[in-house]
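> I would like the atomic coordinates for the input below:
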Amino acid sequence: MTKYELMFIIDPTVEDSDKEATIEKVKEIIAADGVVGNVDVWGMRKLAYPILKKSEGYYVVVEFEASTELPKELERRLRISDAVMRYMVVNKEEK
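Next up, the predicted model:
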């Protein structure tokens, strides 16, 4: 099992209940093939540059352990999600 960190930005126009549902969906995807660690919800933050003509986003950071195949599947699912504007998966063990 490799340690990873996922940061994703949810569209600020999404309803609060849908934001929570998106976070739970990501945790379910990770839990299917790995272990969910710390989930840190940063909330609304100003973006460094506009994305899709929006200047703010809802930031979430998830630490998890999983096999090397899970990040590819997670990125595939996040890419097709309408609620997620940007995402990044980082291998915390890689130097």
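> only C-alpha atoms for contact and neighbour calcs from this point on.
Noted.
> strands along the protein, start to end?
Per DSSP state E, the chain carries strands over the ranges 2-10, 34-51, 54-66, 84-91.
> list the buried residues in the first one.
This means strand 2-10. Within strand 2-10, the residues that count as buried by 16 or more other C-alpha atoms under 10 Å are 3, 4, 5, 6, 7, 8, 9, 10.
> the closest residue in space to the fifth one that isn't next to it in sequence: neighbour count?
The spatial neighbour of residue 7 that comes closest, neighbours along the chain excluded (C-alpha to C-alpha, 6 or more residues apart in numbering), is residue 61 at 4.4 Å. A total of 19 residues lie near residue 61 under the criterion other C-alpha atoms under 10 Å.
> for residue 61, what are its contacts?
5, 6, 7, 8, 39, 40, 41, 42 (C-alpha atoms under 8 Å, 6 or more residues apart in numbering).
> could you do residue 86 as well?
By C-alpha under 8 Å, 6+ apart, the residues touching residue 86 are 8, 9, 10.
> can we see that at 10 Å?
7, 8, 9, 10, 11, 51, 57, 59, 78, 79 (C-alpha atoms under 10 Å, 6 or more residues apart in numbering).
> and if you look at residue 34?
Counted by C-alpha under 10 Å, 6+ apart, residue 34 has contacts 1, 2, 3, 27, 28, 64, 65, 66, 67, 70.
> same thing but at 8 Å, please
1, 64, 65, 66, 67, 70.
> pull out the buried residues from the residues you listed.
The neighbour count (16+ other C-alpha under 10 Å) marks 64, 65, 66, 70 as buried among those.
> switch these over to TSV; also include pLDDT and distance to residue 21.
Putting these into TSV (pLDDT from 0 to 100; distance: C-alpha to C-alpha, whole Å) gives the following:
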residue	pLDDT	distance to residue 21
64	95	18
65	95	21
66	94	22
70	92	20
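> for residue 18, state which of the residues you listed is nearest.
For those, the closest approach to residue 18 (C-alpha to C-alpha) belongs to residue 64, at 22.0 Å.
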